[in-house]
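In: Please find the sequence and the predicted model below.
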Amino acid sequence: MKINSKLISFLLASIFFVFSLASADEVVNISQSPGWTSNYPRVAVDSDGGIHVIWVEEYSSSSGDVFYAYCDPVSNEWSQPKNLSNNNKVYCDTQMACGIAVDDSDNVYAVWAQRNDIRMRVFSGGSWNNAITVASSGVEVDCPRVAASDNGNVFVIWWTLDGNVYSKARVNGSWESAKRISQAGKRSKFPDIAAGNNLVYACWVEKNGEYQAAYSKRNKSFNASWSPRNKIYTGSDGHQHAVVELDSYDYPHVVWTTYKDGPRVVTYSHWTGSNFSSPEEISETLLLHYPSLAERDNNLYACWQIGAYGNGMGVHYNTRQNEDWSGESSVPNSGGVTFCDVAAEPDGETVYFVWDARGEIYFYGGDTVPSVNIPPVAKFNFSPQTGLFPLEVSFDGSASYDPDGSIVRYEWDFGDGGVGSGKKINYIYQTWGTFPITLSVVDNKGAVGTQVKSIEILRLFQPLNIRYETFIDESLFFLRHVTEIYWERNPKNDDIAEIVLYRIYKKLLGESNVAYRCIGEVNADVFNFRDTDVEEDVIYVYTVTSIDGQGHESPIVESTGGATLNNKSDKKEISKERR
Amino acid sequence: MLKKITSHEKKGWVFIFWLAIFIFGFGSSSLAFDRQGTFELSIGNYSISEPRFKAVYHKGGLIEGIGLSVFIIHDIDFFFEMKGFYKSGELTYTKERTHFLLLPISLGFRYSKPLRYFCPYAGLGIDYYFYMETNPIQSIINYTRGFHFRVGSYVQLAEKVPIWLNFRLKYTKAKTEENNLQIELGGIEYGLGLVFVF
């Protein structure tokens, strides 16, 4: 059969066309460079869902260029690769030669290592600007990474082969000078950088016997200083390839690999507000490398390579939603991988992976993340902030919200055993103390958000040195016992309220405090009371409370003093002629 | 069993003894005009011997009253008198005010010996002691019975003038019991009376 060469050409062209239109939720070869070795892809997603990928095409062991491809979110088509460096000089020792970031205005920043220089190009206004040299060093540079934030602020980080980590920033259009941020004398490498709302965090590994993850931070103002470096984890394990992302609270989340006598485990820690959390293992312990991390709406997406360098078994990933890691999964058809990267769509439901394998760059974007119900956020206020018990407090949970739904229930725990429900509620504290108030809000999908605050309910203090004595009081025909109760002013009340009354209570010896019954009141300038209703051969216990002008009363509790003389039998009667 | 006589009681008997000597030894019959009876306005001092009384009301006080006597046979008369005794005091510990009112009513017989200007007498009688005490502890109204012994002497101010003076001394025993307390309300009374003779 005679083969029509034109027909074959048409069929091949058709097949190539179909592949070129392959949708983003399949494994796609986006480098299409069979003549060169493509490696170290990096991916970023803009606010419209456009996917930006750069990688290095190695022409030889010491020359190459940085290429870029873009996937349009509407047409779902990948662009032809574009040579960003276009000078055959892209090279670094570890092959981790490029980095990419997208700022709030969807400008794209691509950085790469070019021997001793850090170079950068910016895609802005629909076209790529000319490449600029961000920094030059006396030694080879490696592993450049870039973070971009609002107003075109750019933060670049890299390390030099002599073991120092440097950073340079462009803030409000002006470049700062390059600053070494690692500690002198401690070999440091493999840095990463992330920019948040107000802070910039950098992390890397530094040699302390073993390499261990370290971090530094700065604010986003021009020429702001980097903090002294700190270790993330004080254990003795060895770490490699620490990467960092910031959440909406500017709290850093860090992932690295921990040595396990040959195999490694992907390890995670985050800032708690006062320190980094204890390391959490988020992968199996295997031969694995090169973790990457992405953040979207406070959810985290981590991926890493499983297997040997140059021919790994695949890309594995784990996602952290609602502060829980969902479990380790694998990216389909990702065998042969060495380096990989991850990014998430703006809606957070789709995760994109890029990796190098068999000399090409591959992309996978699927609905790999189940639909996420973002939990509601509980926020409340209360008034008054403190006061004397019994205190009625108004609680208002109106500030609570659910980012992706509605709040259907407000539940309150007032910390003293009392509970309630409703967006606004009043509650009366019947005793004093410091109580944790918990508002739990439930959204329309059942997720719960909580906020805890504390309230201090004050009390008045009972007067000091309460004591009492019993005497015999007689007339010609009658005899009775009277008890004198004495006390002293308690200066602790001075800063709380003005005491206007003292109230006197008594009970029988052995009875509980609830048995106290009021037997009288006196003004605040009187410090004694006489009880004339005293039965013979009965032992009473007295206490006194303080009362302010609003009617608040100190707790009715046993006095710290007590009877100083119970002298019914000691006190001599006038006449002993009693039957 | 003989009751032991205290020095205080002993002095009282000595006094009564000498008074009797005075009346019956030196008297004359100048007062021996015809008389049927007397009406008397009296005033005096009454001391209750009870220690509780002294603790609450401290000491005796003024006692006032009226008396009526009628001669039933020669030199022996029957008498009736009614008096009032009031004291206020303080409760022993709280010092709150307490008030005591005693209304003794006495009935008895006297033997009198008219002399020139004197008419000494001695007598015995029974008493009804109506008493009341009010204070913050409690209030009470009650009465008790007692008996008494009395001596004294009428003194004629002028001849043919039917107004005498009466110097008297009376000792009463009147015990009562309240709230398991035995209280002696009796005591020594002495005083002066203005006597209208008829």
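Out: Perfect, thanks for sending it. Residues are numbered from 1 along each chain as shown, chains lettered A, B, ... in the order given.
In: Restricting to C-alpha, output the helix or strand hosting A:V255 in CSV.
Out: According to DSSP states H and E, A:V255 maps onto strand A:252-259. Written as CSV, here are the backbone C-alpha positions of strand A:252-259 (Å, rounded to 0.1, in the frame of the first residue of the first chain):
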residue,chain,number,x,y,z
PRO,A,252,5.0,31.2,58.8
HIS,A,253,4.5,27.6,57.9
VAL,A,254,7.7,25.7,57.2
VAL,A,255,8.2,22.3,55.6
TRP,A,256,11.5,20.5,55.3
THR,A,257,12.9,16.9,55.1
THR,A,258,14.3,15.3,58.1
TYR,A,259,17.0,12.7,58.0
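In: After that strand, heading C-terminal, what element do we hit next?
Out: Strand A:252-259 is succeeded, C-terminally, by strand A:264-270 (DSSP H and E).
In: Report all helices and strands that the next helix-or-strand element following that next one contacts.
Out: The element immediately downstream of strand A:264-270 (helix or strand, assigned by DSSP H and E) is strand A:280-281. Helices and strands touching strand A:280-281, as assessed by 3 or more CB pairs under 8 Å, 6 or more residues apart in numbering or on different chains; DSSP states H and E, comprise strand A:264-270. (Glycine included, C-beta is placed from N, CA and C.)
In: Which of the residues in the strand holding A:V255 are classified as buried?
Out: For strand A:252-259, the neighbour count (16 or more other CB atoms under 10 Å in any protein chain shown) marks A:252-258 as buried.
In: Make TSV from the residues you listed and add distance to B:L181 and pLDDT to it.
Out: Output for these, formatted as TSV (distance: CB to CB, whole Å; pLDDT from 0 to 100):
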residue	distance to B:L181	pLDDT
A:P252	90	96
A:H253	90	96
A:V254	92	96
A:V255	95	96
A:W256	96	95
A:T257	99	94
A:T258	95	92
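In: coming back round to it: could you check the angle strand A:264-270 makes with the strand holding A:V255?
Out: Orientation of strand A:252-259 against strand A:264-270 (axes from the mean of the first three to the mean of the last three CA atoms, to 10 degrees) gives an angle of 160 degrees.
In: helices or strands up against strand A:252-259?
Out: Looks like strand A:252-259 contacts strand A:199-208, strand A:210-219, strand A:239-246, strand A:264-270, strand A:288-296, strand A:299-308 (3+ CB pairs under 8 Å, 6+ apart).
In: try 10 Å
Out: For strand A:252-259, the packing partners by 3 or more CB pairs under 10 Å, 6 or more residues apart in numbering or on different chains; DSSP states H and E come out as strand A:188-195, strand A:199-208, strand A:210-219, strand A:239-246, strand A:264-270, strand A:288-296, strand A:299-308, strand A:311-321.
In: want to throw those into TSV with mean neighbour count, mean pLDDT and distance to A:Y166?
Out: As requested, the helices and strands packed on strand A:252-259 are arranged in TSV below (neighbours: other CB atoms under 10 Å in any protein chain shown; pLDDT from 0 to 100; distance: least, CB to CB, whole Å):
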stretch	mean neighbour count	mean pLDDT	distance to A:Y166
strand A:188-195	25	96	8
strand A:199-208	24	94	10
strand A:210-219	22	94	12
strand A:239-246	25	94	16
strand A:264-270	22	94	24
strand A:288-296	23	93	21
strand A:299-308	23	92	26
strand A:311-321	22	90	30
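In: I'd like the ones you listed written out as CSV, with distance to A:P228 added.
Out: Output for those, formatted as CSV (distance: least, CB to CB, whole Å):
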stretch, distance to A:P228
strand A:188-195, 13
strand A:199-208, 12
strand A:210-219, 7
strand A:239-246, 17
strand A:264-270, 19
strand A:288-296, 24
strand A:299-308, 27
strand A:311-321, 29
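In: Specify the stretch among those strands that is closest to B:Q182.
Out: strand A:264-270 (91.4 Å; CB to CB).
In: Okay, and the beta partners of the residue nearest to B:V195 when sequence neighbours are not counted?
Out: The shortest distance from B:V195 to any non-neighbouring residue, by CB to CB, 6 or more residues apart in numbering or on different chains, is to B:W164 (4.1 Å). Beta-bridge pairing for B:W164 (DSSP bridges): B:Q156, B:V195.
In: Next: A:T37.
Out: Beta-bridge partners, per DSSP bridges, of A:T37: A:E58.
In: Let me see the contact set for it.
Out: Neighbour list for A:T37: A:31, A:56-61, A:64, A:95, A:356, A:358-360 [criterion: CB atoms under 10 Å, 6 or more residues apart in numbering or on different chains].
In: That one and A:G314: what is the separation?
Out: Using CB to CB, to the nearest Å, A:T37 is found at 19 Å from A:G314.
In: just A:A110 next, same as before
Out: 27 Å.
In: what about the strands in the stretch 451-579 of chain A?
Out: A:464-474, A:479-488, A:499-508, A:517-523, A:528-534, A:540-548, A:562-566 (DSSP state E, counting those that start in this stretch).
In: of all those, which lies closest to A:S137?
Out: Comparing the strands of the stretch 451-579 of chain A by CB to CB, strand A:540-548 comes nearest, at 72.5 Å.
In: tell me the contacts of the residue of chain B positioned farthest from its centre?
Out: No residue in chain B sits farther from the centre than B:T94, which is 32.9 Å out by CA atoms, centre = their mean. Residues near B:T94 by CB under 10 Å, 6+ apart: A:471, A:473-474, A:480, A:482, A:484, A:530, A:532, B:135-137.
In: and if we set it to 7 Å?
Out: Neighbouring residues of B:T94 by CB atoms under 7 Å, 6 or more residues apart in numbering or on different chains: A:473, A:482.
In: How much space separates B:S49 from chain A?
Out: Remark: distance between B:S49 and chain A (CB to the nearest CB, to the nearest Å) = 12 Å.
In: So for stretch A:393-403, what gets flagged as buried?
Out: Under 16+ other CB under 10 Å, the buried positions of stretch A:393-403 are A:393, A:395-397, A:400, A:402.
In: Looking at that stretch now, give me its mean pLDDT.
Out: Stretch A:393-403 carries an average pLDDT of 93.
In: ok, now stretch B:36-54?
Out: Here the average pLDDT along stretch B:36-54 is 94.
In: cool, and stretch B:135-144?
Out: Mean pLDDT, stretch B:135-144: 95.
In: what about that stretch, distance to the chain center?
Out: 23 Å (CA atoms, centre = their mean, to the nearest Å).
In: Which positions within it qualify as buried?
Out: B:135-137, B:140, B:143-144.
In: export those residues to JSON lines and tack on distance to chain A?
Out: Below are those laid out as JSON lines (distance: CB to the nearest CB, whole Å):
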{"residue": "B:N135", "distance to chain A": "5"}
{"residue": "B:P136", "distance to chain A": "7"}
{"residue": "B:I137", "distance to chain A": "4"}
{"residue": "B:I140", "distance to chain A": "6"}
{"residue": "B:Y143", "distance to chain A": "13"}
{"residue": "B:T144", "distance to chain A": "12"}
